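Colleague: okay, predicted coordinates and the sequence, questions at the end:
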Amino acid sequence: MKVVIIEDEPLIAKNLQRMLKQMDATIEVLTVLDSVSSSVNWLKENEQPDLFFMDIQLSDGVSFDIFNKTEIESPVIFTTAYNEYAIRAFKVNSVDYLLKPIDREQLQLAIEKFKKYFGVKNDAVSDQFKSLLENLQNKSTPKFKERFLAHYKGGIVPVPESKTAYFIKDTIIYLGNNDNEKLVTDYNTIDEIEEVMNPSNFFRANRQMIIHIEQVDTYKKHDTGKIEVHLKCDKNLRVDVSREKANEFVNWLDR
């Protein structure tokens, strides 16, 4: 089976290649592509593989742009951080998906599904992708917030994402900006913010806190497996990342 991986995070791509090889020695990864443009160019010069693995968010756009610029004839397994309503669209169209960080067991199930249902290229597969693309582009493409509203000096101000250092719950939800000011927000829960934040730039460190990637100053690992993070805006503020989320945090940071 010949596979092409479209993924702009080298560590994730490398880990995926390793797991695929361990699961099935007959799987051949033809190439790893990291952008829409490189994918389109490669497809113009090469025969399509038996299966694609596609990250949804790439460095120069979203992988759905590839469908608009070239004909995709092979099945695709998406790797995604999309929220639930987009995932439902994948299920309806019988196209599998893997949530990051990629779980070995889920990867195995996705490969088995491919072998069972998509072993042969045909027009039905092509029609299926056209339906999927239309569904997601028209209804389900998530829009991440570019600014957040917060109370400041008797008024309400929009704080750009780039100046948002963190969100923290301390009875109410505060927004910490790059100048180390804590502004009151009208959010009721951290979960609400997580639904609208860009996961490439923000990370849910724990139940009480979300941090921005540009604010990470240093971090250190403890013997317990937990990670202690210090932010640029407030060197005295310690952010704890649980042992269960430690690898996810490092992968998010090391891109």
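Modeller: Alright, I've got the coordinates. Residues are numbered from 1 along each chain as shown.

Colleague: residues of stretch 98-109 that come out buried?
Modeller: For stretch 98-109, a neighbour-count test (16 or more other CB atoms under 10 Å) marks 98, 100, 102, 107 as buried. Any C-beta I mention is one placed from the backbone N, CA and C, and that applies to glycine too.

Colleague: how about stretch 57-68?
Modeller: Quick answer for stretch 57-68 (16+ other CB under 10 Å): 57-58, 62-67.

Colleague: returning to what we had before: and the furthest pair within the buried residues of stretch 98-109?
Modeller: Largest separation among the buried residues of stretch 98-109 by CB to CB: Lys100 and Leu107, giving 11.5 Å.

Colleague: against Pro160, how distant is the nearest residue in space to Arg238 that is not next to it in sequence?
Modeller: Take Arg238 and drop its neighbours on the chain: the residue closest to it by CB to CB, 6 or more residues apart in numbering is Glu228, 5.8 Å away. According to CB to CB, to the nearest Å, Glu228 stands 28 Å off from Pro160.

Colleague: then Ile190?
Modeller: Distance from Ile190 to Pro160, by CB to CB: 20 Å.

Colleague: do the same with Ala205
Modeller: 21 Å.

Colleague: which one of these two has more residues nearby?
Modeller: A side-by-side neighbour count of Ala205 and Pro160, using other CB atoms under 10 Å, places Ala205 first with 20 against 11.

Colleague: helix or strand right after the one helix or strand Asp191 maps to?
Modeller: Assessed by DSSP states H and E, Asp191 sits inside helix 190-196. Counting by DSSP H and E, the next helix or strand C-terminal to helix 190-196 is strand 202-204.

Colleague: and the next helix or strand after that following strand, average pLDDT?
Modeller: Where DSSP H and E defines the elements, the next helix or strand beyond strand 202-204 is strand 209-212. For strand 209-212, mean pLDDT rounds to 96.

Colleague: list the buried residues in the helix or strand just after strand 209-212.
Modeller: Of the helices and strands lying after strand 209-212 in sequence (DSSP H and E), the nearest is strand 216-221. For strand 216-221, a neighbour-count test (16+ other CB under 10 Å) marks 216, 219 as buried.

Colleague: where does the chain have low pLDDT?
Modeller: Within the chain, the stretches with pLDDT under 70 are 81-96, 117-143.

Colleague: possible to save the buried residues of stretch 57-68 as CSV with secondary structure and distance to Thr31?
Modeller: Below are these laid out as CSV (DSSP: H, G, I helix; E, B strand; the rest coil; distance: CB to CB, whole Å):
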residue, secondary structure, distance to Thr31
Gln57, strand, 20
Leu58, strand, 15
Val62, strand, 20
Ser63, coil, 15
Phe64, helix, 20
Asp65, helix, 18
Ile66, helix, 14
Phe67, helix, 18
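
Colleague: quickly name whichever of these is closest to Met209.
Modeller: Looking across these and measuring by CB to CB, the closest to Met209 is Gln57, at 23.2 Å.

Colleague: these two touch, right, that closest one and Ser200?
Modeller: Yes. Taking CB atoms under 8 Å as the definition, Gln57 is a contact partner of Ser200 at 6.5 Å.

Colleague: domain ranges for this structure?
Modeller: By the assignment in automatic domain parsing, the chain contains the domains 2-140, 147-253.

Colleague: how near is Met23 to Tyr97?
Modeller: 18 Å.

Colleague: that should have said Lys220, apologies.
Modeller: In terms of CB to CB, Lys220 sits 34 Å off from Tyr97.

Colleague: Ala110 too?
Modeller: Between Ala110 and Tyr97 the computed distance is 8 Å (CB to CB).

Colleague: please, where are all the helices along the protein?
Modeller: For the chain, the helices defined by DSSP state H occupy 10-23, 36-45, 64-69, 84-92, 104-117, 123-135, 190-196, 246-253.

Colleague: and the shortest one, how far out from the chain middle?
Modeller: When C-alpha coordinates are averaged (CA atoms, centre = their mean, to the nearest Å), helix 64-69 and its chain have centres 18 Å apart.
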